[in-house]
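Colleague: Structure for the following, please:
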Amino acid sequence: MRKTLRRLGTLLVLVGLGTLGWAVLVWQYEDPFTSVYTAFEQRGVESSYRQTFDRYAAPPAPPPTTSLVVRRRQLDREVRRFARGLERGQALGRIVVPRMDLNMIFVNGTDAATLKRGPGRYLGSGLPGQGELVYIAGHRTTFAAPFSRIEELRRGDRVAIEMPYGTFEYRISRRRIVKATALEVLRSRGREEIVLQACHPRFFATQRYLAYATPVSVALRDGPTLALTTAARRERS
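Modeller: Numbers count the residues shown, from 1 in each chain. Got it, this is the predicted structure:
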């Protein structure tokens with residue numbers, strides 16, 4: 001009996017140490033098993049996005065003398081054209097956040113299945129260039145943990161999003177933590193801004209960590225770079 005109890009005690013200690021080691025591994029890095037799944041899915045959405053990008057027919061570049069107002073109207077048309085026929089789970093573009101070492105394809109939707117493929121855009125939010133809230137969520141500890149380092153973001157950090165119709169640059173402006181039930185954060189405030197969202201604290205979903213970014217510029221596909229500041233948005237309207 002004593003021998004059996006010693007063996008059982010040793011087994012429980014080993015299980016406890018293994019569980020602790022696993023928790024530390026996931027805390028410091030990410031869950032390796034689910035990350036393998038996301039890496040596989042990312043290869044698929046990367047291929048799909050490249051096909052969409054290559055097929056996308058950008059309009060002829062306007063003459064250099066074309067006014068900024070006309071160029072911004074062209075951007076409006078391109079965003080609306082791209083938005084037509086979007087499907088859940090579809091590859092939308094590439095998101096790059098140097099501070100978080102993030103460079104991934106993000107997809108359309110924030111349901112559980114879609115977020116296993118990579119960061120996802122909330123379907124009720126806008127697209128880059130639409131002048132509305134663009135809400136992008138991502139996992140923090142599992143499925144490649146794209147937003148694992150969201151707390152490291154600082155004011156002024158760069159967020160770049162490549163879309164088939166242009167490449168957008170944003171800068172982090174503020175951060176906040178809200179309850180998971182705070183649905184008002186999903187509503188657009190009538191101006192373009194990016195929100196990056198992850199669960200908070202790590203391993204829990206009781207709160208949401210939000211990082212806001214304001215637009216700086218967009219390099220149109222085969223065209224010029226335009227300012228996307230708040231003042232420029234007012235001029236455009």
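
Colleague: show me what contacts residue 197?
Modeller: The neighbours of residue 197, taking Cβ atoms under 8 Å, 6 or more residues apart in numbering as the test, are 135, 136, 137, 138, 147, 185, 208, 209, 210, 211. The way it works is simple: take the backbone N, C-alpha and C, and place the C-beta from them, glycine included.

Colleague: If we use 7 Å, what do you get?
Modeller: Counting by Cβ atoms under 7 Å, 6 or more residues apart in numbering, residue 197 makes contact with 135, 137, 208, 210.

Colleague: you'd agree it is in a helix?
Modeller: No: applying DSSP: H, G, I helix; E, B strand; the rest coil, one finds residue 197 to be strand, outside a helix.

Colleague: excluding its backbone neighbours, what's nearest it?
Modeller: residue 137 (4.4 Å; Cβ to Cβ, 6 or more residues apart in numbering).

Colleague: Run through the bridge partners of the one you found.
Modeller: residue 120, residue 197 (DSSP bridges).

Colleague: Show the pLDDT at it.
Modeller: pLDDT for residue 137: 98.

Colleague: what does residue 19 give?
Modeller: 46.

Colleague: Quick check: residue 214 touching residue 169?
Modeller: No: under the criterion of Cβ atoms under 7 Å, residue 214 makes no contact with residue 169, lying 10.3 Å away.

Colleague: low-confidence ranges in this structure?
Modeller: 1-30, 61-62, 64-65, 229-237 (pLDDT under 70).

Colleague: Can you classify residue 104 as helix, strand or coil?
Modeller: strand.

Colleague: Leaving out sequence neighbours, find the closest residue to it.
Modeller: residue 118 (5.0 Å).

Colleague: Secondary structure class of the one you found, three-state.
Modeller: Taking three-state DSSP, the label given to residue 118 is coil.

Colleague: residue contacts, it?
Modeller: Contacts of residue 118 by Cβ under 7 Å, 6+ apart are 38, 41, 42, 45, 104, 105, 106, 107, 146.

Colleague: Go again with 10 Å.
Modeller: 38-39, 41-42, 45-46, 91-92, 94-95, 104-107, 138-139, 143-144, 146 (Cβ atoms under 10 Å, 6 or more residues apart in numbering).

Colleague: cool, residue 185 as well?
Modeller: 122, 133, 135, 176, 178, 179, 195, 197, 208, 210, 212.

Colleague: wouldn't the last one be in contact with residue 157 here?
Modeller: No: contact between residue 212 and residue 157 fails when scored by Cβ atoms under 10 Å: they sit 11.2 Å apart.

Colleague: Give me the secondary structure label for residue 208.
Modeller: Under three-state DSSP, residue 208 comes out as strand.

Colleague: if I look at it, how far off is residue 86?
Modeller: Here the criterion is Cβ to Cβ, to the nearest Å. By it, residue 208 lies 24 Å from residue 86.

Colleague: Pick out the most distant pair among the contacts of residue 197.
Modeller: Farthest pair in those (Cβ to Cβ) is 135 and 208. Separation: 10.7 Å.

Colleague: All the strands of this structure, residue numbers only.
Modeller: 91-97, 102-108, 120-121, 133-137, 158-163, 166-179, 193-200, 207-220, 225-227 (DSSP state E).

Colleague: of those, which approaches residue 74 most closely?
Modeller: Using Cβ to Cβ, the nearest of the strands of the chain to residue 74 is strand 207-220, at 7.3 Å.

Colleague: Would you map out the domains in this structure?
Modeller: The record assigns the chain these domain ranges, following automatic domain parsing: 1-30, 31-236.

Colleague: just those domains: most buried one?
Modeller: domain 31-236 (a mean of 17; mean count of other Cβ atoms under 10 Å).
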